[in-house]
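Colleague: Give me a model of this one.
(4 chains)
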2 protein chains.
Amino acid sequence: MKEQKESEEVVVNKEFTDECHRVMAAVSDALYAIGGKWKLMIIIAMARGNNRFTELQRQVTGISARVLSSELKELELNGFIIKKVAVGYPVTIEYQLLPYSHTLEEVVAAMTKWGMQHREKIKKDRS
Amino acid sequence: MKEQKESEEVVVNKEFTDECHRVMAAVSDALYAIGGKWKLMIIIAMARGNNRFTELQRQVTGISARVLSSELKELELNGFIIKKVAVGYPVTIEYQLLPYSHTLEEVVAAMTKWGMQHREKIKKDRS
DNA sequence: ATTATCTATTACCTAAAGGTTAGTAGGTAA
DNA sequence: TTACCTACTAACCTTTAGGTAATAGATAAT
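Modeller: Here you go, the predicted model:
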């Protein structure tokens, strides 16, 4: 049985629905740019001074050279990092965070906080 | 050429590395629990009063019944939502957010904000 | 009577993410 | 000169997320 709705209510529903869609679209965009297993890990490790390929491979436990290489390329393409080649003997290659990657700080902080308390909760639930 | 490091410096590095690993582990945990294309979308839609299966399917654009069904099960398993079956004619089934899902609010807010400004940036970059 | 709606489940399939292994081209150390 | 380090790349394979379509059992609408 469907209720007949007043037009005012319908308008309110529409605004609510639109806001819902805007939020979902924004979160989707964020997940698209920083989702996946590794992108945030790399940015976190770089924010702590790991700028060389091999350093990153060691710090970001479990990542393979292939995946690290392709993730670095994507991060560069999306304006989060830059690749610097320093001429000299030997040629050294460094990756550096660009200012844009710092806009992620709030997201990373929120996820870190939540992830930590989530792990605590899981531990408690098990015992 | 490898530099010989003072033991103090080594200790500082170790602490730094450990902190880095703790942050990465926490973010991994978060991504594991709420990652994927749909989990946050469903929670966002439910926070705005969509509690029935079909309502959710309509609100969360693009999700299929199969995926919605399995995501709801996972969300229930992980303590984010609860499934309520109201006996009667007809039997109605409602999903409700549990208090634990509200702990995600900060994460969702941060991602929404970042996603919106990211979209703006992309738009500017194109033009 | 039959058509549609609600809440799913099942089987099957595809595409994308990511892992494994090996190899490269240069340099460095023993 | 043997062996290892750096910064990758290529070829290949596995896993998993997610999509499609069909079906089901109930009730409600036309």
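Colleague: Contact distance from DNA strand C - what residues of chain A qualify?
Modeller: A:36-38, A:62-67, A:71, A:89-90 (C-beta under 7 Å from any atom of the strand). All C-beta spots, glycine's among them, are computed from the backbone N, C-alpha and C.
Colleague: filter the residues you listed by proximity to chain B?
Modeller: A:Lys37 (C-beta under 8 Å from any C-beta of the partner chain).
Colleague: same question for the helix or strand hosting A:Met116, mean pLDDT?
Modeller: Using DSSP states H and E, A:Met116 sits within helix A:105-126. Looking at helix A:105-126 alone, the average pLDDT works out to 95.
Colleague: Extract the C-alpha set from it and format it as CSV.
Modeller: C-alpha atoms of helix A:105-126 as CSV (Å, rounded to 0.1, in the frame of the first residue of the first chain):
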residue,chain,number,x,y,z
GLU,A,105,46.7,14.3,6.1
GLU,A,106,43.2,14.6,7.6
VAL,A,107,42.0,11.5,5.8
VAL,A,108,45.0,9.5,6.8
ALA,A,109,44.7,10.7,10.4
ALA,A,110,41.0,9.8,10.6
MET,A,111,41.7,6.3,9.1
THR,A,112,44.7,5.7,11.4
LYS,A,113,42.7,6.6,14.5
TRP,A,114,39.7,4.5,13.4
GLY,A,115,41.9,1.6,12.3
MET,A,116,43.6,1.5,15.7
GLN,A,117,40.4,1.5,17.7
HIS,A,118,38.9,-1.1,15.3
ARG,A,119,41.9,-3.4,15.9
GLU,A,120,41.3,-3.0,19.7
LYS,A,121,37.7,-3.8,19.3
ILE,A,122,38.4,-6.9,17.3
LYS,A,123,40.9,-8.1,20.0
LYS,A,124,38.2,-7.6,22.7
ASP,A,125,35.5,-9.3,20.7
ARG,A,126,37.7,-12.4,20.3
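Colleague: That one - contacts with which helices or strands?
Modeller: helix A:39-47, helix B:7-34, helix B:105-126 (3 or more C-beta pairs under 8 Å, 6 or more residues apart in numbering or on different chains; DSSP states H and E).
Colleague: quick one on the thing from earlier: among the residues of chain A next to DNA strand C, find the lowest-pLDDT one for me.
Modeller: Ranked by pLDDT, the residues of chain A next to DNA strand C bottom out at A:Tyr89, which has 74.
Colleague: That one: helix or strand, and which one exactly?
Modeller: Assigned by DSSP H and E, A:Tyr89 belongs to no helix or strand.
Colleague: got the phi/psi numbers for it?
Modeller: phi -110, psi 110 (degrees, to the nearest 10).
Colleague: In helices, which of the residues of chain A next to DNA strand C fall?
Modeller: Under the assignment DSSP state H, those contribute A:65-67, A:71 to helices.
Colleague: re earlier: what's the angle from the helix holding A:Met116 to helix A:7-34?
Modeller: Helix A:105-126 and helix A:7-34 meet at an angle of 90 degrees, taking axes from the mean of the first three to the mean of the last three C-alpha atoms, to 10 degrees as the criterion.
Colleague: what's the domain layout of chain A?
Modeller: Per automatic domain parsing, the structural domains of chain A span A:1-34, A:37-126.
Colleague: Which one of those domains lies nearest to B:Glu94?
Modeller: domain A:1-34 (17.1 Å; C-beta to C-beta).
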